[in-house]
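# Let me see the structure of the following:
(one chain, ligands or ions: 2)
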Amino acid sequence: MSSTKPIEPPVIRFEEVVKSFGTQRVLDGLTFEVRRGQCLAIMGPSGTGKSVILRHAVGLMKPDAGRVLVEGQEPSKLKPRELAVLRKKIGFLFQEGALINWLSVRDNVALPLRENTRLSEAEIATKVEEKLDLVRIAKQSFDKMPSQISGGMKKRVGLARALVTEPEIVLYDEPNAGLDPEISASINDLIREVQVRLGTTSIVVEHRVACIKTVADEVLFLEKGRAHLQLPPKEFFSSSDPRLRQFLGPNPD
Ligand SMILES: Nc1ncnc2c1ncn2[C@@H]1O[C@H](COP(=O)(O)OP(=O)(O)OP(=O)(O)O)[C@@H](O)[C@H]1O
Ligand SMILES: [Mg+2]
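Ligands and ions are numbered 1, 2, ... in the order given. Got it, this is the predicted structure:
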């Protein structure tokens, strides 16, 4: 008898996804998948649809054609209640941070726990402080409002909020944006650590090569709305594909 294990379906799968805004076709038959515990990085020029891809994965956008599957379900076809259940499994770091202006740093990070769990306020406070420590936010900033902190800090608070429920799937939109190299390195280590410790499945949209080398199992190069290349980081960065070389430039960092 064969003892081969059945192959588990991918956690995230895009099948021939097409998406246009007016006459502008952004995704044009995009296909890729991410298996459980894997991290896929997405690279591509500005405006090619990287953020649009992440929005499809959480049902904030609906494909014009093709299918988006997350844990075997199509987010854009779920009823609000079913979508809410799926979203509980997903942490989303928005490109712009997307902190809620009228909530303090602490309350922004606490929000997913208050909405999705029955933890006591004391338990919530402990988890929130632990995550804020991990993203290197100093204690004196815990009670500041988003308008009182820098762009790089907002990004890190957004990251703490995306990770606070320890979700099975995490979507990171440019986690390194606005961070200096030292903080950046610690954030990348944190992303990797979360993947290893929790077996998280993730997509990371990122420009920085150092980040991708630390966190990604594979890298997808998005070009003209399709996956132009998808390779492990080592092969990806040494590829002689002309479009990729042109995009990366002579000294990719
Ligand atoms: N809600 C929307 N309505 C109309 N056009 C949109 C919308 N969202 C995105 N677009 C367009 O789709 C294209 C892709 O946008 P997207 O934000 O995904 O780019 P990106 O690859 O993430 O770029 P960047 O690297 O600058 O973040 C852009 O031309 C953008 O203007
Ligand atoms: Mg973007």
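# CA atoms for contacts and neighbours, from now on please.
Noted.
# show me where this structure has helices.
Secondary structure of the chain, counting by DSSP state H: helices at 50-57, 80-88, 105-116, 121-134, 151-163, 181-198, 209-215, 233-238, 242-248.
# So which of those helices is nearest ligand 1?
Ligand 1 sits nearest to helix 50-57 of all these, at 3.7 Å, using Cα to the nearest ligand atom.
# Let me know the angle separating the closest one from helix 80-88.
Angle, helix 50-57 to helix 80-88, by axes from the mean of the first three to the mean of the last three Cα atoms, to 10 degrees: 130 degrees.
# got the contact list for helix 50-57?
By Cα atoms under 8 Å, 6 or more residues apart in numbering, the residues outside helix 50-57 that reach it are 12, 42-44, 61-63, 68-70, 75-76, 95, 171, 173, 205, 222.
# Would you mind listing what in the protein touches ligand 1?
21, 26, 46, 47, 48, 49, 50, 51, 52 (Cα under 6 Å from any ligand atom).
# and the second one, what does it touch?
Remark: with contacts taken as Cα under 8 Å, 6+ apart, residue 26 is in contact with 18, 19, 20, 48, 49, 224, 225.
# so where's this structure shaky on pLDDT?
1-3, 5-6, 252 (pLDDT under 70).
# re the thing from before, farthest pair in the residues of the chain next to ligand 1?
Across the residues of the chain next to ligand 1, the longest distance by Cα to Cα is 16.0 Å; it joins 21 and 46.
# rewinding a little: deepest-packed of the helices of the chain, please.
Mean neighbour count (mean count of other Cα atoms under 10 Å) peaks for helix 151-163 among those, with a mean of 25.
# Helix 181-198 and that one, what's the angle between them?
Using the same axes, to 10 degrees: helix 151-163 against helix 181-198 is 0 degrees.
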